[in-house]
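> mind looking at a prediction? Sequence and model below.
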Amino acid sequence: MSSPKLSFIILAYDMQREFPKTLQSLTDAYQKNIPQGEFEIILIENRSKNLLNIRELKDACPNLRYYLNSSNPSSPAYAMNLGLKKAKGDTVAFCIDGARMLSPGVAKGIIQASKMYDDFVVATHAYHLGMEPQNLSVPAGRYNQSIEDGLLEKIDWPKDGYKLFDISVLALSSSKGWFGEIAESNCIALPKASAIKLGGFDENFTTLGGGYVNLDFYKRAQELTNHQLIYLLGEGTFHQVHGGVATNRDDTPHDEYKKEYSRLRGESFKVKRLPQNVMYLGSIHPSAKKVLLESANKIFEDVD
C-alpha cells in the first residue's frame, strides 16, 4: 500500500487469543463500504514471552504492517508514538488496546469525517463484552474467557459484526451513553498533522499500563483549536477479557494514576464537558437500538 487515507495504530501485548479477533474486525471483508487500500493497520507489539504469529496475521490481513517494540516495552505511549511516525495515512486512528474489536462501520465513519472537515477529532464509544462491565464481573468471578467464547459463538461472530451489541454493555468510561461526555475513547482519530502538533502521547506517563495516558491524549485532542468533535453513533470498540491492568483486575492502582496525572498536569483529572456543537455521524443497526434507548433515557435522568 503506497497511499492509504487512514492509518490504524494498534498496540498489542501478550494477546495471542485476543488480537487475531481484533485484526479480523479490521479486514476489508469485515469493515463495510470501504474500497480496498483505503486504510492500513500498523501493529506495534510490545515484547512479551508470548509473541503473535505475524506470518499468520499478515496472511489474513495483507494491509498489516508490524513492528516489535523491545526498546521500551512497558510504555504504551512510546508504542503509539512509534506508530505515528510510521503512519502513511493523512488521518490516524489510535487504538491503545489491541484487545478491542471494532464494529464494521468505524473505518467508513472516520474517512467520511475526514472528507467533511479539515480539522476534526473522531471518538468512538467503548463497550465490554458480557452482560456487565468487566471491571465488575471479572474480579467477582462472573465472567471469563470461556464465557466470552460462548457469547461470540452464540452470535456467530464475525458473520455480522454489529451483533456484538447483543452481547455487550457500555464501558464505565462511556457510561453516560451516546449523548454524554466520555472519559476516553479507545479509537481516537484525527489528522496526522494534528496528532504531531499535540506531540503524540505523553511518554512521561510511566505508571503500570500508562496510567491516564490515553485519557490525557483524548482530552488534549478535544482542546485543539477549531477541531470539530465527532461521535460515531452506532459504532464502537468491544473489549475482550484478557487480564488487562485497567479493566480486568481488582487491584488497578487508580490512586497512583491520579497522582501521576496531577503531577504532570498540575491539576486533578476531570472529564472534559461535551461541547454543544458536537457532531453525531453514523447509522443505527437494529442490534444497537437498545443502546440508543439507554442513551436517550440517560439524558432525562440527568435532567431530573
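Cool, got the structure.
> tell me which residues of the longest helix seen in the chain are tucked away?
Using DSSP state H to assign secondary structure, the helix with the most residues in the chain is helix 289-303. Buried positions in helix 289-303, judged by neighbour count with 16 or more other CB atoms under 10 Å: Val291, Leu292, Ser295, Lys298. Just so you know, the C-beta spots here come from the backbone N, C-alpha and C atoms, and that holds for glycine as well.
> for stretch 72-88, same thing?
72, 75-84, 87-88.
> in terms of pLDDT, where does the most centrally placed residue in the chain sit?
Central residue check for the chain by CA atoms, centre = their mean: the C-alpha nearest the mean position is that of Asn186, 2.1 Å away. Looking at Asn186, its pLDDT is 97.
> compile the buried residues of helix 289-303 into a markdown table and extend it with columns for distance to Ser174.
Below are the buried residues of helix 289-303 laid out as a markdown table (distance: CB to CB, whole Å):
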| residue | distance to Ser174 |
| --- | --- |
| Val291 | 10 |
| Leu292 | 14 |
| Ser295 | 9 |
| Lys298 | 11 |
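> could I get the full set of strands for the stretch 201-304 of the chain?
Secondary structure of the stretch 201-304 of the chain (DSSP state E, counting those that start in this stretch): strands at 228-233, 237-239, 279-282.
> which stretch among those strands is buried most, on average?
The highest mean neighbour count among those, using mean count of other CB atoms under 10 Å, belongs to strand 237-239: a mean of 26.
> low-confidence regions, the chain specifically.
Under the criterion pLDDT under 70, the flagged ranges of the chain are 1-2, 73, 244-251, 302-304.
> hang on, the earlier thing: who wins for proximity to Phe8 among the strands of the stretch 201-304 of the chain?
strand 237-239 (11.4 Å; CB to CB).
> what's the closest one packed up against?
For strand 237-239, the packing partners by 3 or more CB pairs under 8 Å, 6 or more residues apart in numbering; DSSP states H and E come out as strand 100-102, strand 126-129.
> residue contacts, the nearest residue to Gly210 once chain neighbours are set aside?
Closest residue to Gly210 in three dimensions, ignoring its sequence neighbours and counting by CB to CB, 6 or more residues apart in numbering: Pro76, at 4.1 Å. By CB atoms under 8 Å, 6 or more residues apart in numbering, the residues touching Pro76 are Leu11, Asn46, Ile96, Phe201, Gly209, Gly210, Val213, Asn214.
> quick revisit: any idea which of the helices and strands packed on strand 237-239 gets closest to Leu152?
Across the helices and strands packed on strand 237-239 (criterion: CB to CB), the nearest stretch is strand 126-129, sitting at 7.7 Å.
> what's the closest one in contact with?
Outside of strand 126-129, the residues that reach it under the criterion CB under 8 Å, 6+ apart are 100, 134-135, 148, 151-152, 164-165, 167-171, 173-174, 182, 184-186, 236-241, 247.
> mind listing what's buried along it?
Buried residues in strand 126-129, counted by 16+ other CB under 10 Å: Ala126, Tyr127, His128, Leu129.
> how about these in TSV, adding distance to Gly266?
Conversion of these to TSV gives the following (distance: CB to CB, whole Å):
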residue	distance to Gly266
Ala126	27
Tyr127	33
His128	32
Leu129	37
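> between these, which sits nearest Leu190?
Leu190 has its nearest neighbour among the buried residues of strand 126-129 in Ala126, at 17.5 Å by CB to CB.
> phi, psi of the closest residue to that closest one other than its chain neighbours?
When the adjacent residues along the chain are set aside, Ala126 lies closest to Ala171, with 3.8 Å between them (CB to CB, 6+ apart). Dihedral angles phi and psi of Ala171 (degrees, to the nearest 10) take the values phi -70, psi 160.
> can you tell me which residues contact Ala171?
Applying CB under 8 Å, 6+ apart, the residues near Ala171 are His125, Ala126, Tyr127, His128, Pro133, His239.
> again, only this time at 10 Å
Residues counted as contacts of Ala171 (CB atoms under 10 Å, 6 or more residues apart in numbering) are 100, 125-128, 133-135, 182-184, 186, 236-239, 247.
> go on, Asp59?
The contact partners of Asp59, by CB under 10 Å, 6+ apart, come to Asn53.
> check which helix or strand Val92 maps to.
strand 91-95 (DSSP states H and E).
> same for that strand, what does it pack against?
Strand 91-95 makes packing contacts with strand 6-12, strand 39-46, helix 76-86, helix 106-116, strand 120-123, strand 188-191, helix 192-197, helix 213-222 when contacts are defined by 3 or more CB pairs under 10 Å, 6 or more residues apart in numbering; DSSP states H and E.
> nearest to Leu57, of these?
strand 39-46 (7.6 Å).
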